[in-house]
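Q: build me a structure from this.
(2 chains)
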2 protein chains.
Amino acid sequence: MTPNIPETTKKRVVIIGAGFGGLKIARDLADSEDFQIVLIDKNNYHQFQPLFYQVATAGLEPSAISFPLRLAFHYYKDVHVRITEVTELRTDSQEIITQLGAISYDYLILAIGADTNFFGQKNIQEKALPMKSVGEALGLRNRLLENFENALVSDSDDVRQGLMTVVVVGGGPTGVEVSGTLAEMKRHVLPKDYPELDFDLMKVYIVESGGELLGPMSKNAQIKSKEYLEQLGVNVFLNTRVTDFDGKYAYLNNGEKIRTNNLVWAAGIKANFIEGLNPEILARGGRIKVNRYNQIEGHQNIFAIGDVAFMTEDAYPNGHPQVAQPAIQQGKLLSKNLPRLLRGNPLEEFTYKDLGSMATVGRNLAVVDLPFWRFQGFFAWLTWMFVHLMSIVGVKNRLLIFINWLWNYVTYDQSLRLIIKQKSPKAED
Amino acid sequence: MTPNIPETTKKRVVIIGAGFGGLKIARDLADSEDFQIVLIDKNNYHQFQPLFYQVATAGLEPSAISFPLRLAFHYYKDVHVRITEVTELRTDSQEIITQLGAISYDYLILAIGADTNFFGQKNIQEKALPMKSVGEALGLRNRLLENFENALVSDSDDVRQGLMTVVVVGGGPTGVEVSGTLAEMKRHVLPKDYPELDFDLMKVYIVESGGELLGPMSKNAQIKSKEYLEQLGVNVFLNTRVTDFDGKYAYLNNGEKIRTNNLVWAAGIKANFIEGLNPEILARGGRIKVNRYNQIEGHQNIFAIGDVAFMTEDAYPNGHPQVAQPAIQQGKLLSKNLPRLLRGNPLEEFTYKDLGSMATVGRNLAVVDLPFWRFQGFFAWLTWMFVHLMSIVGVKNRLLIFINWLWNYVTYDQSLRLIIKQKSPKAED
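A: Below is the predicted model of the structure:
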């Protein structure tokens, strides 16, 4: 195997990662006269992370929130997408090592994002269900559905309780959204699918180590989201940590244990790392320190953007929130700065424009913090849907998600509770 | 584990298999006062087999052609769906043995369908790609897409040719449909996804041992489907058999070999078998001999319907075609005969009503044989779409497939070329 990137007289920009930031800059530079673009990702699609939880709870199909990278660049001849993993960074020789071989770069953009942080807890890492990729969300969905099938044919209520109960760790948007949706499924859908099961055995917990849910949001949002979750029947544990999980019990730091086979881990993320990066330039959470042009320390031609980048501004002394907007905005600015850098012109400094944040708890229930307006409830829920629908990549995906949501709303049912697994023989080399 | 089927004073009907036949009879008997229904399947969904090829060629999502069994029986309290495999049939004690344990029956309906027949060819069985389940169709899709990624980073044209070329074995509807669709992808979609690849290296073959494609259809349909396929660039080999496949070459009985890593096997099916069935009552292709009431030889209360059943009529001395219609019609009649049998009333004999057959080759190209009318081309293609759309289970699936087809037709692109794989830790027992 060989990367087979065509030789070029242009400068080559290698982008690692096709998340919000990487895809943004690749698209903005796609028809550049100055640059050849090489876009590298492990998957052949861009993933819309904010809706992973709906895949996990059988509300949407994986394909609805995934967009094929090759389709995004149909009309750009000098964008080269390669599906591979990067194993090493060699700054001396200006190349990256991938499973396909070495690829040299003139400019390198690390848009490698973040992954689940288990904070070194081995048992949890091994047995908990993370939700940081479409594949993991699908794995979580299949697990939950298989559990209900198993509960149906189990001979003890203790086993049934373990199979049916879900403990969600982490009170951020993902934790709030997944626990809220599970609670709604318990009310509207699952008892119809399994009329033979006793749903008193099914409990949904959300466990948050801090004193409130949705930590970075407004007080109103924090209070309302807790109120909404409790209204839906979720057991909200604040100031509580899960200290261990053996696949049958989740152990809490207050000495209690909860009988559950399902620990959904949404408690934290850590930035991804590539061998060859100087560990001294890493900040908290493994993020790479960058200046206001997203350049990493010690290199004019290497940039980090999005979740993996640690940039401080006066308003953000601890770095930007690790969500879509900083990544998109940094990608956009960098696509303008690169030609300037090439021509020796002065670069523009990045300033984060906070467009607000939001989370949905359930049917008609959401919380929205806009810069000058904070609101909750039905209108917040409509706003949440509209913003997410407009942010998704691809007109067809937008249309299909809209129809799914409308369908779900009217019928109280997603009708996607399918345990589908790929089956195929091994390929020859 | 235990099946946990509630005790009942009603008679228990156990249906094995939720394909066209099994689902039909389960639905028709769902609100019966006489019977308790136990429906057993390996999957928690009904699969719409006629569109597997569109899943395999990234035209539809698996979920669009799968319908959750539990959703189908939301409003029926005495229908018990169990997801398990049946390992043995014990007619003496009137019970079946499943992975969950034994389930007794008063009436047993074998709707276990058919699977790929490799005719004892071990190499082919091990390395060829079958297409008899949603899971296998998804496996085929992922394989084809991965191949193109690999072709892009290969360093030899020989390897590329192997990766890009597909040999489809079997000239029935599935073979015709999958080879036609692949040829269209070669024309419209793949070169846009992979502008760096030389598509002269990609060949699509269809290899049929008989003298024509679509054997059971009309002469016109046979001739036209061949013409259409050749028009799309498919290499049609008639009177030819694939005798071996080593993962790199397909060997033909005429001494030729074709460089391909992808052998799609649609050359034949064999009826599924359950341990405990008397092998003496099996007919050609492993089908179970039944009388005109679908009763298997030697048992008044055991029935076989659909692909697995071998029933002869004057018009069908070799049994009915192994397609959806006989299964549905037999399921329907049997749901009326069972109450008669229970009450000692005379049963109605089954007579197959041939509603016609059809196959689609590509955009605007299809062949249709109705009992009194045979036609091909654009109108046949519209007919094919209408009939399949109306046959699919679930209004939402119908709507989503319609939108997908419309989208594909207008854009020449399915935008589903995603290699998505489930990722999850192992569950505790």
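
Q: how about A:Leu145: what's its closest non-neighbour residue?
A: In space, and not counting its chain neighbours, A:Leu145 is closest to A:Ile419: 5.1 Å by C-beta to C-beta, 6 or more residues apart in numbering or on different chains. The way it works is simple: take the backbone N, C-alpha and C, and place the C-beta from them, glycine included.

Q: could you tell me which residues make contact with whatever residue of the stretch 101-250 of chain A ends up closest to chain B?
A: Evaluated by C-beta to the nearest C-beta, the stretch 101-250 of chain A has A:Gly139 as its residue closest to chain B, separated by 2.7 Å. A:Gly139 makes contact with A:129, B:422-425 under the criterion C-beta atoms under 8 Å, 6 or more residues apart in numbering or on different chains.

Q: contacting residues for the residue nearest to A:Leu145?
A: Residues counted as contacts of A:Ile419 (C-beta under 8 Å, 6+ apart) are A:142, A:145-146, A:149, B:43-45, B:83.

Q: can I take it that it is in a strand?
A: No - assessed with DSSP: H, G, I helix; E, B strand; the rest coil, A:Ile419 is coil; it does not lie in a strand.

Q: how much space between the residue of the stretch 101-250 of chain A closest to chain B and A:Thr98?
A: Distance, A:Gly139 to A:Thr98, by C-beta to C-beta, to the nearest Å: 26 Å.

Q: so what pLDDT did A:Glu348 get?
A: Among the per-residue scores, A:Glu348 shows a pLDDT of 98.

Q: where does it sit: helix, strand or coil?
A: The assignment at A:Glu348 comes out as coil when based on three-state DSSP.

Q: for it, give me its contacts.
A: Taking C-beta under 8 Å, 6+ apart as the test, what A:Glu348 contacts is A:293, A:333, A:336-337, A:340.

Q: which pair of the contacts of A:Ile419 spans the longest distance?
A: A:Glu146 and B:Tyr45 (13.2 Å; C-beta to C-beta).

Q: show me the helices in chain A, by range?
A: Chain-ordered helices for chain A, with DSSP state H as the definition, fall at A:20-29, A:52-56, A:69-72, A:122-127, A:134-152, A:157-164, A:173-188, A:190-193, A:219-231, A:324-343, A:378-391, A:395-411.

Q: relative to B:Glu256, which of those is closest?
A: Distance to B:Glu256, taken as C-beta to C-beta, is lowest for helix A:69-72 among those, at 33.4 Å.

Q: quick one: contacts of that closest one?
A: When contacts are defined by C-beta under 8 Å, 6+ apart, helix A:69-72 is touched by residues A:18, A:23, A:26-27, A:39, A:41, A:44-46, A:81, A:393-394, B:192-194, B:413, B:415, B:417.

Q: give me every residue that touches the residue nearest to A:Gly233 when sequence neighbours are not counted.
A: Using C-beta to C-beta, 6+ apart and skipping residues adjacent in sequence, the residue nearest A:Gly233 is A:Ala183, 5.0 Å away. By C-beta under 8 Å, 6+ apart, the residues touching A:Ala183 are A:204, A:229, A:232-234, A:362.

Q: now pLDDT too, for these, in TSV please.
A: Output for those, formatted as TSV (pLDDT from 0 to 100):
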residue	pLDDT
A:Val204	98
A:Leu229	98
A:Leu232	97
A:Gly233	97
A:Val234	98
A:Gly362	93
